[in-house]
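Visitor: the amino acid sequence is not available; the structure is as follows:
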Ligand code: AMP
Ligand code: GLY
């Protein structure tokens with residue numbers, strides 16, 4: 001039996017752990033830091049996901065057969081390298097490949113060099129030139145992006161010159177995101193439906209997973225502030241077979257080859273954030289890891305052994321593995337703390353969860369919960385849980401997920417009531 005240590009502590013990691021737990025090959029599961037819900041499936045430790053030395057020391061104590069590094073920051077900081085150096089088998093890219101997410105300037109230059117479709121852009125390191133460029137272009141909305149990681153908040157869609165100039169000053173001059181925003185990208189505003197496609201790749205083979213759709217805004221009707229994601233559905237009906245074929249030829253394979261050509265072979269989960277523009281699919285962003293909350297709808301659809309896939313990526317034998325997907329759909333509805341994505345309370349008692357932190361008919365993926373001494377669950381984050389269900393159709397999946405949401409409560413809880421609506425409307429339009 002194989003023991004696995006997973007680094008991270010959100011809904012994505014819970015979904016990875018619950019899928020690994022299904023594998024007949026997997027023995028003990030460990031997670032750091034984990035959370036209340038994860039602790040019912042894996043032994044948790046209190047080493048932070050960004051503490052490279054601490055994680056290496058923990059791995060040396062536990063001696064797992066594999067370490068899965070799930071979040072972006074440790075990957076960009078080189079956690080996979082540090083663990084590999086110590087002889088561990090690691091699922092997750094090395095730092096020289098994780099840069100595909102860690103630097104927007106890197107990813108834009110890569111796409112330009114290798115002809116991978118993306119928005120036109122310019123790079124700036126001083127605000128004067130950036131402002132001059134904005135004034136000359138005078139085209140809005142304008143998209144302004146911090147070069148480095150910024151907790152998902154480094155993208156500003158400026159509707160006018162005032163907003164654009166403000167964003168430039170905040171990023172470059174006031175270093176709103178620290179060093180991450182000392183360089184910025186200003187790019188063309190694209191339109192069209194967005195699709196998330198996660199893929200497994202070992203640098204030789206790339207296997208796209210089933211597509212998904214995120215819902216980033218806090219409130220119904222895509223209103224309110226941006227969040228880490230309030231819900232997801234899979235598959236994404238906008239992503240047809242023809243589009244998938246085009247993406248494979250023009251985006252997925254070229255990206256894998258480009259990274260190889262740069263001496264930065266990507267091994268792990270490569271995430272493509274795509275926009276289906278009138279001129280064809282274009283890359284909005286790459287992530288060097290599983291998306292959150294995309295993973296929560298993609299992995300339940302996986303008809304296969306996740307450990308076997310991870311192992312094949314590590315040993316460059318991905319082409320030998322059969323990876324299938326279930327029929328039907330999956331939907332995830334995030335229940336968030338009152339006030340999220342701004343300030344919110346923690347430690348609120350949750351009702352409706354069983355001793356495993358689950359509720360009937362759903363997978364409840366815990367994002368921000370804590371196990372209390374009496375075995376009950378307390379809120380411990382902005383996004384608290386992702387209530388997820390599969391169904392024969394998108395309607396059925398949504399109905400089951402919302403039924404689960406109805407069984408769970410905590411003071412101040414809020415969630416979107418229209419997850420999947422955009423996808424349903426699209427299906428209706430197609431007849
Ligand atoms: P991120 O925070 O990197 O996940 O991106 C935030 C969101 O900004 C994306 O999901 C898109 O909706 C939007 N976005 C990023 N780049 C562009 C672009 N060039 N044109 C239009 N929307 C964009
Ligand atoms: N859901 C988008 C992300 O994981 O970045």
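Guide: Arrived safely, thanks for sending. The structure displayed is predicted, hence computed values, not measured ones. Numbering: from 1, shown residues only. Ligands and ions are numbered 1, 2, ... in the order given.
Visitor: which residues touch the closest residue to residue 177 other than its chain neighbours?
Guide: Closest residue to residue 177 apart from its sequence neighbours, by Cβ to Cβ, 6 or more residues apart in numbering: residue 150 at 4.0 Å. To be clear about C-beta, it is placed using only N, CA and C from the backbone, and glycine gets the same treatment. Residues in contact with residue 150 (Cβ atoms under 8 Å, 6 or more residues apart in numbering) are 177, 180, 181.
Visitor: and what about residue 150, helix, strand or coil?
Guide: Using DSSP: H, G, I helix; E, B strand; the rest coil, the structure places residue 150 in coil.
Visitor: still on that earlier bit, which of the contacts of residue 150 tops the neighbour count?
Guide: Highest neighbour count within the contacts of residue 150: residue 181, with 23 neighbours (other Cβ atoms under 10 Å).
Visitor: surely that residue touches residue 173?
Guide: No. Shown here, residue 181 and residue 173 do not form a contact pair, counting by Cβ atoms under 8 Å, at 9.6 Å.
Visitor: distance of the residue of the stretch 151-300 of the chain found nearest ligand 2 from residue 417?
Guide: Nearest to ligand 2 in the stretch 151-300 of the chain, going by Cβ to the nearest ligand atom, is residue 291, at a distance of 3.5 Å. Separation of residue 291 from residue 417 (Cβ to Cβ, to the nearest Å) stands at 22 Å.
Visitor: which of the two has more neighbours?
Guide: When residue 291 and residue 417 are compared for neighbours, residue 291 comes out ahead with 22 against 13, by other Cβ under 10 Å.
Visitor: contacting residues around residue 281?
Guide: 117, 195, 243, 246, 247, 250, 251, 274, 275.
Visitor: residues in the stretch 51-200 of the chain within reach of ligand 2, list them.
Guide: residue 152 (Cβ under 6 Å from any ligand atom).
Visitor: give me phi/psi at the most centrally placed residue in the chain?
Guide: Central residue of the chain (Cα atoms, centre = their mean): residue 291, 1.4 Å from the mean position. When quoted as degrees, to the nearest 10, the phi and psi of residue 291 stand at phi -80, psi 160.
Visitor: that one reaches residue 12, doesn't it?
Guide: Yes. Under the criterion of Cβ under 8 Å, residue 291 is in contact with residue 12, at a separation of 7.3 Å.
Visitor: any idea which element the residue lying farthest from the centre of the chain lies in?
Guide: Going by Cα atoms, centre = their mean, the residue of the chain most distant from its centre is residue 136, 35.4 Å out. In this assignment (DSSP states H and E), residue 136 forms part of helix 127-137.
Visitor: that helix: which residues count as buried?
Guide: 127, 130, 131, 134 (16 or more other Cβ atoms under 10 Å).
Visitor: which of those residues sit farthest apart?
Guide: Comparing every pair within those by Cβ to Cβ identifies 127 and 134 as the most remote, at 10.1 Å.
Visitor: any common contacting residues for the two?
Guide: residue 168.
Visitor: what residues of stretch 25-37 count as buried?
Guide: Buried-residue list, stretch 25-37, by 16+ other Cβ under 10 Å: 26, 29, 30, 31, 32, 33, 34, 35, 36, 37.
Visitor: backbone dihedrals for the first one, both of them.
Guide: Backbone geometry at residue 26, expressed as degrees, to the nearest 10, gives phi -90, psi 130.
Visitor: check the last one too.
Guide: The phi/psi pair for residue 37 (degrees, to the nearest 10) reads phi -70, psi -40.
Visitor: who's in contact with the nearest residue to it once chain neighbours are set aside?
Guide: In space, and not counting its chain neighbours, residue 37 is closest to residue 366: 2.5 Å by Cβ to Cβ, 6+ apart. Residue 366 is in contact with 11, 14, 35, 36, 37, 38, 357, 377, 384, 385, counting by Cβ under 8 Å, 6+ apart.
Visitor: out of those, list just those in strands.
Guide: Mapping the contacts of residue 366 onto strands (DSSP state E) picks out 377, 384, 385.
Visitor: for those, which one is nearest residue 223?
Guide: Among the ones in strands among the contacts of residue 366, and counting by Cβ to Cβ, the member closest to residue 223 is residue 384, at 20.9 Å.
Visitor: okay, that closest one and residue 9: tell me how far apart.
Guide: Taking Cβ to Cβ, one finds residue 384 at 13 Å from residue 9.
Visitor: neighbour-wise, which of the two wins?
Guide: residue 384 (33 against 28).
Visitor: I figured the more buried one hits residue 335, correct?
Guide: Yes. Between residue 384 and residue 335 there is a contact at 5.3 Å, judged by Cβ under 8 Å.
Visitor: what sits in contact with each of the two?
Guide: Shared contacts of residue 384 and residue 335, counting by Cβ under 8 Å, 6+ apart, come down to 410, 413.
Visitor: packing partners for the helix or strand where residue 232 lies?
Guide: Residue 232 belongs to strand 231-234 when assigned by DSSP H and E. If contacts are counted by 3 or more Cβ pairs under 8 Å, 6 or more residues apart in numbering; DSSP states H and E, strand 231-234 sits against strand 213-214, helix 295-298, strand 329-336, helix 394-407.
Visitor: that one and ligand 2 in contact?
Guide: No. Contact of strand 231-234 with ligand 2 (Cβ under 6 Å from any ligand atom) is absent, the minimum separation being 7.6 Å.
Visitor: so how far is that strand off the chain centroid?
Guide: 12 Å (Cα atoms, centre = their mean, to the nearest Å).
Visitor: okay, the residue nearest to residue 177 and residue 156: tell me how far apart.
Guide: Residue 150 is 10 Å from residue 156, by Cβ to Cβ.
Visitor: and what of residue 82?
Guide: 33 Å.
Visitor: mind listing the helices for the chain?
Guide: Per DSSP state H, the chain carries helices over the ranges 11-21, 52-62, 72-77, 79-85, 95-102, 104-113, 127-137, 161-168, 241-247, 253-261, 295-298, 306-314, 394-407, 421-430.
Visitor: most neighbours per residue, which of these?
Guide: Sort the helices of the chain by mean neighbour count, taking mean count of other Cβ atoms under 10 Å, and helix 295-298 sits at the top with a mean of 32.
Visitor: what's it packed up against?
Guide: Helix 295-298 packs on helix 11-21, strand 231-234, strand 329-336, strand 383-391, going by 3+ Cβ pairs under 8 Å, 6+ apart.
Visitor: now these in JSON lines, with mean pLDDT and distance to ligand 1?
Guide: What follows is those, written out as JSON lines (pLDDT from 0 to 100; distance: least, Cβ to the nearest ligand atom, whole Å):
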{"stretch": "helix 11-21", "mean pLDDT": "98", "distance to ligand 1": "14"}
{"stretch": "strand 231-234", "mean pLDDT": "98", "distance to ligand 1": "13"}
{"stretch": "strand 329-336", "mean pLDDT": "98", "distance to ligand 1": "15"}
{"stretch": "strand 383-391", "mean pLDDT": "98", "distance to ligand 1": "15"}
